[in-house]
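Undergrad: Structure here, sequence nowhere to be found:
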């Protein structure tokens with residue numbers, strides 16, 4: 001097959017797709033933080049597969065070393081991390097952004113991370129703690145809802161209003177803390193404000209104590225490809241001071257990244 005057959009410019013033909021790979025990845029994705037151990041029936045229910053099909057996929061994953069089994073329960077093994085490492089080691093964005101993040105984090109003395117939008121979630125692709133352990137979500141590979149994070153709102157603000165509304169509809173926001181904004185109208189307002197001012201501030205909406213400021217990262221064509229934030233503990237700096245202290249450094253990085261991407 002020629003390279004131009006897989007550019008993604010038009011939907012592929014059904015005969016060009018391997019349904020088994022699609023379903024196998026769905027089985028892997030069925031496991032998450034809340035459901036780390038699943039039975040065959042539970043995997044079938046979460047993926048829409050028949051129980052017989054779910055069983056075969058799970059047995060295959062066990063055989064390949066990507067899962068383990070005890071009695072009727074299955075769970076993933078660390079070998080699954082190879083899939084994420086393949087992206088982090090081969091993708092251009094994490095390799096370019098990591099040294100920039102390092103300089104940003106240590107110049108401010110605060111944690112910093114970079115994330116991309118994947119469906120309705122924010123996925124962290126690079127992070128530097130700068131000695132500050134602010135949140136467990138600030139590590140490569142973590143996935144959190146986009147609507148309640150600064151990086152996520154910076155990315156949602158780059159979408160058309162109709163796309164933002166559809167994303168919030170699918171996400172069905174629920175409170176994580178007492179500060180979480182879940183009202184759809186207020187969320188649309190916050191995302192519109194992010195679009196207008198060019199940055200997002202989220203104060204303890206994802207987890208208590210976590211305060212973040214983010215800007216979109218654009219390529220040389222002006223397309224938003226990621227977002228970068230500075231994260232700090234709420235006890236260390238008042239909410240009103242985070243923009244004054246951290247935004248100039250983030251805007252400088254924003255310009256630098258546009259030249260690199």
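TA: Yep, that arrived. Note that the structure is a prediction, hence the values are computed from the model and not measured.

Undergrad: Output the contacting helices and strands for the host helix or strand of residue 43.
TA: Applying DSSP states H and E as the criterion places residue 43 in helix 40-47. Other elements packing on helix 40-47 under the criterion 3 or more CB pairs under 8 Å, 6 or more residues apart in numbering; DSSP states H and E are helix 19-29, helix 51-64. C-beta: built from backbone N, CA, C; applies to glycine.

Undergrad: May I see the buried residues of that helix?
TA: Across helix 40-47, burial judged by 16 or more other CB atoms under 10 Å covers 40, 42-44, 46-47.

Undergrad: Likewise for stretch 108-116?
TA: For stretch 108-116, by 16+ other CB under 10 Å, it's 108, 110-116.

Undergrad: for these, which one is nearest residue 188?
TA: Nearest to residue 188 out of those is residue 115 (CB to CB; 20.7 Å).

Undergrad: what about the closest one, which SS state?
TA: strand (DSSP: H, G, I helix; E, B strand; the rest coil).

Undergrad: Enumerate every residue touching it.
TA: When contacts are counted by CB atoms under 8 Å, 6 or more residues apart in numbering, residue 115 touches 122-125, 149, 151-152, 155, 226-229.

Undergrad: Kindly recompute the last result at 7 Å.
TA: 122-125, 151, 226-227 (CB atoms under 7 Å, 6 or more residues apart in numbering).

Undergrad: Kindly state the beta-bridge partners for it.
TA: residue 124, residue 227 (DSSP bridges).

Undergrad: Relative to residue 228, how far out is it?
TA: Residue 115 sits at a distance of 8 Å from residue 228 (criterion: CB to CB, to the nearest Å).

Undergrad: likewise residue 101?
TA: 7 Å.

Undergrad: Any stretches of this structure with poor pLDDT?
TA: 1-9, 17, 87-90, 133 (pLDDT under 70).

Undergrad: And the strands in it?
TA: Ranges of strands in the chain, per DSSP state E, are 38-39, 67-70, 73-76, 111-118, 121-128, 143-145, 200-203, 210-218, 224-233.

Undergrad: If you count contacts, what does the last one end up packed against?
TA: Taking 3 or more CB pairs under 7 Å, 6 or more residues apart in numbering; DSSP states H and E as the contact definition, the neighbouring helices and strands of strand 224-233 are helix 92-108, strand 111-118, helix 150-156, strand 210-218, helix 242-260.

Undergrad: Could I get those in JSON lines, plus columns for distance to residue 62?
TA: Shown next, in JSON lines, are the helices and strands packed on strand 224-233 (distance: least, CB to CB, whole Å):
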{"stretch": "helix 92-108", "distance to residue 62": "30"}
{"stretch": "strand 111-118", "distance to residue 62": "27"}
{"stretch": "helix 150-156", "distance to residue 62": "35"}
{"stretch": "strand 210-218", "distance to residue 62": "37"}
{"stretch": "helix 242-260", "distance to residue 62": "42"}
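
Undergrad: Go through those and pick out the most buried.
TA: helix 150-156 (a mean of 29; mean count of other CB atoms under 10 Å).

Undergrad: hmm, who's touching it?
TA: Residues contacting helix 150-156 (CB under 7 Å, 6+ apart): 115, 117, 122, 145-147, 164, 167, 190-191, 194, 199-202, 212-216, 224, 227, 229.

Undergrad: at 8 Å what do you get?
TA: 113-117, 121-122, 144-147, 164, 167, 190-191, 194, 199-202, 212-216, 224, 226-229.

Undergrad: Could you do stretch 190-197 as well?
TA: Counting by CB under 8 Å, 6+ apart, 147, 153-154, 156-158, 161, 164, 181, 200 sit against stretch 190-197.

Undergrad: Residue 97: which of those residues is nearest?
TA: Using CB to CB, the contacts of stretch 190-197 come closest to residue 97 at residue 154, 14.3 Å.

Undergrad: Right, I'll leave it there.
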